[in-house]
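Provide a 3D model corresponding to the input given below.
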Amino acid sequence: MCRWANNKILFENIKDKTAKIVLRDFGCGATDSGSPAYKICKIKNISSLFIWVTNVDTTKIDRQIWQR
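Here you go, the predicted structure:
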């Protein structure tokens with residue numbers, strides 16, 4: 001089964017603890033012989049069931065708000 005997984009937290013928002021910039025990967029496990037596809041995304045937990053995911057350019061983020 002194919003799925004997206006949050007691989008590594010790159011930045012955390014110091015003003016909003018539910019928002020993070022992460023390295024995500026998309027893979028299909030044993031059914032796929034290739035490497036996973038990686039993407040840097042901003043995620044925000046809306047509730048325990050919903051996560052808002054958007055693309056982000058880490059060269060344009062405010063480093064005063066987003067910290068490692």
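
can we go C-alpha only for contacts and neighbour counts from here?
OK.

what about the spatially closest residue to Cys28 that is not a sequence neighbour, distance to Arg24?
Among residues not flanking Cys28 along the chain, Cys2 sits closest, at 3.9 Å (CA to CA, 6 or more residues apart in numbering). According to CA to CA, to the nearest Å, Cys2 stands 13 Å off from Arg24.

try Ile51
Taking CA to CA, one finds Ile51 at 13 Å from Arg24.

now for the helix or strand harbouring Val22, which elements pack on it?
Element membership of Val22 [criterion: DSSP states H and E] is strand 19-27. On a contact count with 3 or more CA pairs under 8 Å, 6 or more residues apart in numbering; DSSP states H and E, strand 19-27 meets strand 3-13, strand 37-45.

on that earlier part again, which of Ile51 and Arg24 has more neighbours?
Taking other CA atoms under 10 Å, Ile51 and Arg24 do not tie; Arg24 has more neighbours (20 against 14).

Tell me, what's the model's pLDDT at the residue nearest to Cys28?
In this model, Cys2 is scored at 85, pLDDT.

my read: it touches Gly27, true?
Yes. Using CA atoms under 8 Å, Cys2 is in contact with Gly27, at 5.5 Å.

These two: which is more packed in?
Gly27 (19 against 12).

what sits against the residue nearest in space to the middle of the chain?
Residue closest to the mean C-alpha point of the chain, counted by CA atoms, centre = their mean, is Val22 at 3.2 Å. Residues counted as contacts of Val22 (CA atoms under 8 Å, 6 or more residues apart in numbering) are 6-11, 40-43.

Next, count neighbours for Ala19.
20.

Quick check: which of the helices and strands packed on strand 19-27 is buried the most?
Greatest average neighbour count among those goes to strand 37-45 (a mean of 17), per mean count of other CA atoms under 10 Å.

Tell me which helix or strand comes right after it.
Next along from strand 37-45, by DSSP H and E: strand 51-55.
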